[in-house]
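Peer 1: Here is a sequence with its predicted model. Questions after.
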Amino acid sequence: MEILKSLEKELSAYKAQLVAVSKTKPVSAIQELYDAGQRIFGENRVQELVEKENALPKDIQWQMIGRLQTNKVKQIASFIDLIHSVDSERLLLEINKRAKMEDRVIDCLLQFFIAEESTKQGFSFEEAQSLLKSPVYLSLQNIRIKGVMGMATFTSNHDQVRSEFARLRGIFEQLKAEHFPESGHFTEISMGMSGDYALALEEGSTLVRIGSLLFGTRNYH
(Lines give C-alpha, C1' and ligand atoms only; values in the text may rest on other atoms or scores of the structure.)
Protein backbone atom coordinates (compact mmCIF):
# COMPACT_ATOMS: atom_id res chain seq x y z
CA MET A 1 0.00 0.00 0.00
CA GLU A 2 1.53 3.25 -1.18
CA ILE A 3 -0.06 5.44 1.49
CA LEU A 4 1.33 3.20 4.25
CA LYS A 5 4.83 3.34 2.77
CA SER A 6 4.59 7.11 2.39
CA LEU A 7 3.47 7.60 6.00
CA GLU A 8 6.16 5.28 7.33
CA LYS A 9 8.82 7.23 5.46
CA GLU A 10 7.47 10.55 6.74
CA LEU A 11 7.24 9.35 10.33
CA SER A 12 10.67 7.74 10.32
CA ALA A 13 12.22 11.16 9.73
CA TYR A 14 10.77 12.21 13.10
CA LYS A 15 11.40 8.84 14.78
CA ALA A 16 7.65 8.54 15.34
CA GLN A 17 5.40 5.49 15.14
CA LEU A 18 2.15 5.01 13.26
CA VAL A 19 -0.96 3.86 15.10
CA ALA A 20 -3.41 2.68 12.45
CA VAL A 21 -6.85 3.65 13.77
CA SER A 22 -9.02 0.74 12.74
CA LYS A 23 -12.24 1.56 14.62
CA THR A 24 -15.37 0.61 12.66
CA LYS A 25 -13.23 -1.05 10.00
CA PRO A 26 -13.67 -4.74 9.12
CA VAL A 27 -11.17 -7.46 9.91
CA SER A 28 -10.37 -7.79 6.21
CA ALA A 29 -9.20 -4.17 5.98
CA ILE A 30 -6.99 -4.59 9.05
CA GLN A 31 -5.58 -7.83 7.67
CA GLU A 32 -4.66 -6.02 4.45
CA LEU A 33 -2.64 -3.43 6.38
CA TYR A 34 -1.12 -6.18 8.52
CA ASP A 35 -0.02 -8.03 5.38
CA ALA A 36 1.61 -4.79 4.22
CA GLY A 37 3.67 -4.70 7.43
CA GLN A 38 1.64 -2.60 9.90
CA ARG A 39 1.58 -4.01 13.45
CA ILE A 40 0.18 -1.24 15.69
CA PHE A 41 -3.59 -0.72 15.59
CA GLY A 42 -5.80 1.56 17.68
CA GLU A 43 -9.41 1.01 18.68
CA ASN A 44 -11.84 3.07 20.73
CA ARG A 45 -14.55 0.55 21.62
CA VAL A 46 -13.81 -2.36 23.89
CA GLN A 47 -16.28 -4.83 22.38
CA GLU A 48 -14.98 -4.19 18.87
CA LEU A 49 -11.39 -4.42 20.10
CA VAL A 50 -11.98 -7.79 21.76
CA GLU A 51 -13.68 -9.21 18.66
CA LYS A 52 -10.83 -8.10 16.41
CA GLU A 53 -8.14 -9.36 18.79
CA ASN A 54 -9.77 -12.78 18.66
CA ALA A 55 -9.94 -12.79 14.86
CA LEU A 56 -6.54 -11.38 13.86
CA PRO A 57 -2.86 -12.38 14.22
CA LYS A 58 -1.54 -12.45 17.77
CA ASP A 59 1.52 -10.31 17.13
CA ILE A 60 -0.61 -7.22 16.56
CA GLN A 61 0.01 -4.54 19.17
CA TRP A 62 -3.48 -3.40 20.14
CA GLN A 63 -3.79 0.08 21.62
CA MET A 64 -6.87 1.58 23.28
CA ILE A 65 -7.27 5.16 22.10
CA GLY A 66 -10.87 5.90 23.10
CA ARG A 67 -12.39 6.71 26.45
CA LEU A 68 -12.21 3.62 28.64
CA GLN A 69 -14.82 2.81 31.28
CA THR A 70 -13.52 1.16 34.42
CA ASN A 71 -15.96 -1.76 34.09
CA LYS A 72 -14.52 -2.59 30.65
CA VAL A 73 -10.84 -2.78 31.63
CA LYS A 74 -11.07 -6.47 32.57
CA GLN A 75 -12.02 -7.36 28.98
CA ILE A 76 -8.75 -6.10 27.50
CA ALA A 77 -6.30 -6.48 30.42
CA SER A 78 -4.85 -9.78 29.18
CA PHE A 79 -3.65 -8.46 25.82
CA ILE A 80 -3.71 -4.66 25.50
CA ASP A 81 -0.33 -3.20 24.55
CA LEU A 82 -0.93 0.46 25.45
CA ILE A 83 -3.84 2.51 26.83
CA HIS A 84 -3.69 6.10 25.55
CA SER A 85 -6.73 7.44 27.35
CA VAL A 86 -6.07 7.31 31.11
CA ASP A 87 -7.93 10.36 32.39
CA SER A 88 -8.54 9.63 36.09
CA GLU A 89 -6.95 8.09 39.16
CA ARG A 90 -9.91 5.72 39.42
CA LEU A 91 -9.22 4.33 35.95
CA LEU A 92 -5.53 3.94 36.70
CA LEU A 93 -6.34 1.99 39.86
CA GLU A 94 -8.62 -0.35 37.93
CA ILE A 95 -6.01 -0.94 35.22
CA ASN A 96 -3.45 -1.77 37.90
CA LYS A 97 -5.90 -4.15 39.60
CA ARG A 98 -6.71 -6.01 36.39
CA ALA A 99 -3.08 -6.09 35.27
CA LYS A 100 -2.11 -7.65 38.58
CA MET A 101 -4.74 -10.34 38.11
CA GLU A 102 -3.21 -11.08 34.70
CA ASP A 103 0.32 -11.05 36.16
CA ARG A 104 1.47 -8.33 33.77
CA VAL A 105 2.34 -4.65 33.63
CA ILE A 106 0.16 -2.50 31.38
CA ASP A 107 1.64 0.54 29.69
CA CYS A 108 -0.44 3.72 29.89
CA LEU A 109 -0.45 7.32 28.73
CA LEU A 110 -1.97 10.14 30.76
CA GLN A 111 -4.54 11.99 28.67
CA PHE A 112 -4.51 15.78 28.98
CA PHE A 113 -7.19 18.33 28.15
CA ILE A 114 -5.47 20.70 25.72
CA ALA A 115 -8.35 21.73 23.44
CA GLU A 116 -11.03 24.40 23.54
CA GLU A 117 -13.84 21.87 23.18
CA SER A 118 -15.90 20.65 26.12
CA THR A 119 -16.32 17.25 24.47
CA LYS A 120 -12.64 16.46 24.99
CA GLN A 121 -11.45 14.83 28.23
CA GLY A 122 -8.25 14.66 30.21
CA PHE A 123 -6.24 15.74 33.20
CA SER A 124 -5.19 19.28 33.86
CA PHE A 125 -1.47 19.67 34.55
CA GLU A 126 -2.22 20.32 38.23
CA GLU A 127 -4.33 17.17 38.52
CA ALA A 128 -1.58 15.05 36.99
CA GLN A 129 1.01 16.58 39.30
CA SER A 130 -1.15 15.73 42.30
CA LEU A 131 -1.65 12.16 41.07
CA LEU A 132 2.02 11.49 40.41
CA LYS A 133 2.99 12.77 43.87
CA SER A 134 0.33 10.72 45.66
CA PRO A 135 1.05 7.61 47.77
CA VAL A 136 -1.68 5.85 45.82
CA TYR A 137 0.17 6.24 42.51
CA LEU A 138 3.50 5.30 44.05
CA SER A 139 1.98 2.03 45.29
CA LEU A 140 0.91 0.89 41.81
CA GLN A 141 3.17 -1.92 40.61
CA ASN A 142 1.30 -3.18 37.55
CA ILE A 143 1.05 -0.05 35.44
CA ARG A 144 3.78 1.92 33.72
CA ILE A 145 3.28 5.52 32.61
CA LYS A 146 4.98 5.85 29.24
CA GLY A 147 4.00 9.40 28.37
CA VAL A 148 1.11 11.69 27.50
CA MET A 149 -1.76 11.94 25.05
CA GLY A 150 -3.96 14.81 23.88
CA MET A 151 -6.39 15.83 21.17
CA ALA A 152 -6.31 19.29 19.64
CA THR A 153 -9.37 21.38 18.89
CA PHE A 154 -11.10 20.42 15.63
CA THR A 155 -10.44 23.62 13.72
CA SER A 156 -8.85 24.88 10.53
CA ASN A 157 -6.79 27.34 12.58
CA HIS A 158 -3.34 25.76 12.32
CA ASP A 159 -1.80 28.24 14.73
CA GLN A 160 -4.25 27.16 17.42
CA VAL A 161 -3.65 23.47 16.78
CA ARG A 162 0.13 23.99 16.83
CA SER A 163 -0.17 25.89 20.09
CA GLU A 164 -2.16 23.07 21.69
CA PHE A 165 0.34 20.46 20.54
CA ALA A 166 3.19 22.60 21.87
CA ARG A 167 1.37 22.79 25.21
CA LEU A 168 1.21 18.99 25.39
CA ARG A 169 4.89 18.71 24.56
CA GLY A 170 5.62 21.19 27.33
CA ILE A 171 3.58 19.12 29.79
CA PHE A 172 5.51 16.01 28.76
CA GLU A 173 8.86 17.73 29.23
CA GLN A 174 7.94 19.11 32.65
CA LEU A 175 6.58 15.77 33.89
CA LYS A 176 9.67 13.99 32.63
CA ALA A 177 11.96 16.44 34.41
CA GLU A 178 10.05 16.34 37.69
CA HIS A 179 8.76 12.76 37.93
CA PHE A 180 10.63 10.56 35.44
CA PRO A 181 14.16 12.04 35.16
CA GLU A 182 15.89 8.66 35.23
CA SER A 183 13.19 6.75 33.39
CA GLY A 184 13.99 5.08 30.12
CA HIS A 185 10.33 4.38 29.43
CA PHE A 186 8.68 7.83 29.76
CA THR A 187 9.15 8.57 26.08
CA GLU A 188 5.79 8.90 24.30
CA ILE A 189 3.75 11.89 23.14
CA SER A 190 0.57 10.70 21.43
CA MET A 191 -0.88 13.52 19.36
CA GLY A 192 -1.92 14.08 15.79
CA MET A 193 -4.52 12.46 13.55
CA SER A 194 -5.15 12.32 9.80
CA GLY A 195 -5.90 16.04 9.50
CA ASP A 196 -3.18 17.46 11.72
CA TYR A 197 -0.44 14.87 12.10
CA ALA A 198 2.14 16.94 10.19
CA LEU A 199 1.83 19.73 12.77
CA ALA A 200 1.98 17.16 15.56
CA LEU A 201 5.20 15.70 14.21
CA GLU A 202 6.78 19.14 14.02
CA GLU A 203 5.81 19.69 17.67
CA GLY A 204 7.33 16.43 18.89
CA SER A 205 4.74 13.68 18.53
CA THR A 206 6.09 10.14 18.83
CA LEU A 207 2.77 8.38 18.15
CA VAL A 208 0.35 9.58 15.48
CA ARG A 209 -3.14 8.11 15.25
CA ILE A 210 -4.09 7.80 11.57
CA GLY A 211 -7.42 6.39 10.42
CA SER A 212 -9.07 7.93 7.37
CA LEU A 213 -5.84 8.40 5.41
CA LEU A 214 -5.24 4.67 5.64
CA PHE A 215 -8.74 3.23 5.60
CA GLY A 216 -10.87 5.89 3.94
CA THR A 217 -14.02 7.41 5.41
CA ARG A 218 -15.10 5.86 8.69
CA ASN A 219 -18.04 3.47 8.73
CA TYR A 220 -20.35 4.54 11.54
CA HIS A 221 -22.74 1.95 12.91
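Peer 2: Structure's in. What do you need? Residues are numbered from 1 along each chain as shown.
Peer 1: Report the separation between Glu43 and Leu199.
Peer 2: Distance of Glu43 to Leu199, given as C-beta to C-beta, to the nearest Å: 24 Å. The way it works is simple: take the backbone N, C-alpha and C, and place the C-beta from them, glycine included.
Peer 1: who's more crowded, these two?
Peer 2: Glu43 (26 against 20; other C-beta atoms under 10 Å).
Peer 1: which residues pair with the more buried one across the strands?
Peer 2: For Glu43, the beta-bridge partners are Met64 (DSSP bridges).
Peer 1: just checking, it touches Arg67?
Peer 2: No: counting by C-beta atoms under 8 Å, no contact exists between Glu43 and Arg67, whose distance comes to 11.9 Å.
Peer 1: Quick one: residues contacting the nearest residue in space to Phe165 that is not next to it in sequence.
Peer 2: Using C-beta to C-beta, 6 or more residues apart in numbering and skipping residues adjacent in sequence, the residue nearest Phe165 is Glu203, 3.9 Å away. By C-beta atoms under 8 Å, 6 or more residues apart in numbering, the residues touching Glu203 are 162, 165-166, 168-169, 191.
Peer 1: Which of those residues fall within strands?
Peer 2: Among the contacts of Glu203, DSSP state E puts none in strands.
Peer 1: Now list the buried members of those residues.
Peer 2: 162, 165, 168-169, 191 (16 or more other C-beta atoms under 10 Å).
Peer 1: Include pLDDT and distance to Phe154 when you put these into TSV, please.
Peer 2: Listed next are the buried ones among the contacts of Glu203 as TSV, based on pLDDT from 0 to 100; distance: C-beta to C-beta, whole Å:
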residue	pLDDT	distance to Phe154
Arg162	97	14
Phe165	98	14
Leu168	98	16
Arg169	98	20
Met191	98	14
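Peer 1: Strands of the chain, start to end?
Peer 2: For the chain, the strands defined by DSSP E occupy 17-21, 40-43, 61-64, 82-86, 106-112, 143-150, 188-190, 207-210.
Peer 1: Dump those to CSV, plus distance to Asn71 and mean pLDDT.
Peer 2: CSV is the format used below for the strands of the chain (distance: least, C-beta to C-beta, whole Å; pLDDT from 0 to 100):
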stretch, distance to Asn71, mean pLDDT
strand 17-21, 24, 98
strand 40-43, 17, 98
strand 61-64, 14, 98
strand 82-86, 15, 98
strand 106-112, 16, 98
strand 143-150, 18, 98
strand 188-190, 24, 98
strand 207-210, 24, 98
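Peer 1: Indicate which one of the ones you listed is closest to Met1.
Peer 2: With C-beta to C-beta as the criterion, Met1 lies closest to strand 17-21 of these, at 10.6 Å.
Peer 1: quick one, the closest one and strand 82-86 angle?
Peer 2: Counting by axes from the mean of the first three to the mean of the last three C-alpha atoms, to 10 degrees, strand 17-21 lies at 70 degrees to strand 82-86.
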